[in-house]
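Novice: next input, structure requested:
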Amino acid sequence: MRTGSPSSVSRPLLACLAGGLLFPLITAIPAHAGPVSAPESAPAGEPSEAVVELLQRDETPKGVVFEINENDRAALAALLPEIRANVAHLRKHDRELPVAIVAHGAEQFTLTRAEAAQHPGLHDEVESLVRDEGVEVSVCGTFASWRGVEADAFADFVDVVDLAPDRLDDYRERGYEVIRLRPSLLDAPEQDPWEFDFSTP
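Specialist: This is a model prediction of the structure:
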């Protein structure tokens with residue numbers, strides 16, 4: 001797992017706010033580098049509309065990243081059926097297409113070792129995506145440090161990166177498409193980053 005210790009609080013704070021938590025403010029701006037937004041969850045067992053649209057293009061990206069950044073710990077579990085359907089749909093098109101997940105909101109804390117007993121099904125399913133489907137799963141080490149959670153607190157199948165926005169930029173530079181998934185079943189509103197839940201995970 002890749003970890004880091006930022007030299008100051010201000011830089012990672014600004015980077016995360018600009019690169020992750022403020023994404024809802026800019027997803028409406030069309031740009032090749034920005035994420036495709038999927039504001040509503042697909043029906044159970046169905047891929048996201050953004051994934052279906054992506055595969056209808058003349059040229060597909062080098063890979064696909066699903067970004068999750070919610071102020072709700074249940075978001076990852078709520079989105080797993082859609083993620084599995086997306087992976088299956090993408091792999092029907094290209095078995096070797098790289099797929100990744102970057103979770104950098106409150107949902108990332110359900111992937112700590114301490115949560116394994118509480119959420120065994122969630123851990124099993126995410127680990128299966130990593131092991132059987134080759135999906136890369138990353139969480140934000142900086143956000144974890146703000147909550148007092150060390151990098152080694154996360155499960156072995158999770159890659160803890162210094163800054164999730166930097167990881168997303170790295171994927172974009174490699175030609176990946178970033179698709180932000182939102183769990184409509186949770187009725188989660190757009191979050192004001194300055195009111196983001198920084199309480200104990």
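
Novice: my read is Pro165 is in a helix, agree?
Specialist: Yes - Pro165: assigned to a helix according to DSSP: H, G, I helix; E, B strand; the rest coil.

Novice: that one and Val102, how far apart?
Specialist: Distance, Pro165 to Val102, by CB to CB, to the nearest Å: 9 Å. Every C-beta, even on glycine, is put in place using the N, C-alpha and C of the backbone.

Novice: which stretches of the chain have low pLDDT?
Specialist: 1-44, 185-201 (pLDDT under 70).

Novice: can you rerun that using 90?
Specialist: Within the chain, the segments meeting pLDDT under 90 span 1-46, 183-201.

Novice: where does the residue lying closest to Arg91 once chain neighbours are set aside land in three-state SS?
Specialist: Nearest residue to Arg91 in three dimensions, chain neighbours excluded: Leu97, at 6.7 Å (CB to CB, 6 or more residues apart in numbering). With three-state DSSP as the basis, the three-state label of Leu97 is coil.

Novice: which residues does Leu97 contact?
Specialist: The neighbourhood of Leu97, defined by CB atoms under 8 Å, 6 or more residues apart in numbering, consists of 60, 63-64, 90-91.

Novice: again, but for Leu55
Specialist: Leu55 touches 89-90, 93, counting by CB under 8 Å, 6+ apart.

Novice: any chance of those in TSV with distance to Asp169 and neighbour count as columns?
Specialist: Listed next are those as TSV, based on distance: CB to CB, whole Å; neighbours: other CB atoms under 10 Å:
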residue	distance to Asp169	neighbour count
His89	26	17
Leu90	22	21
His93	25	11
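
Novice: now, those that are in strands?
Specialist: Within the contacts of Leu55, no residue falls in strands by DSSP state E.

Novice: how about a markdown table for those residues, with distance to Pro81 added?
Specialist: Below are those laid out as a markdown table (distance: CB to CB, whole Å):
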| residue | distance to Pro81 |
| --- | --- |
| His89 | 13 |
| Leu90 | 15 |
| His93 | 19 |
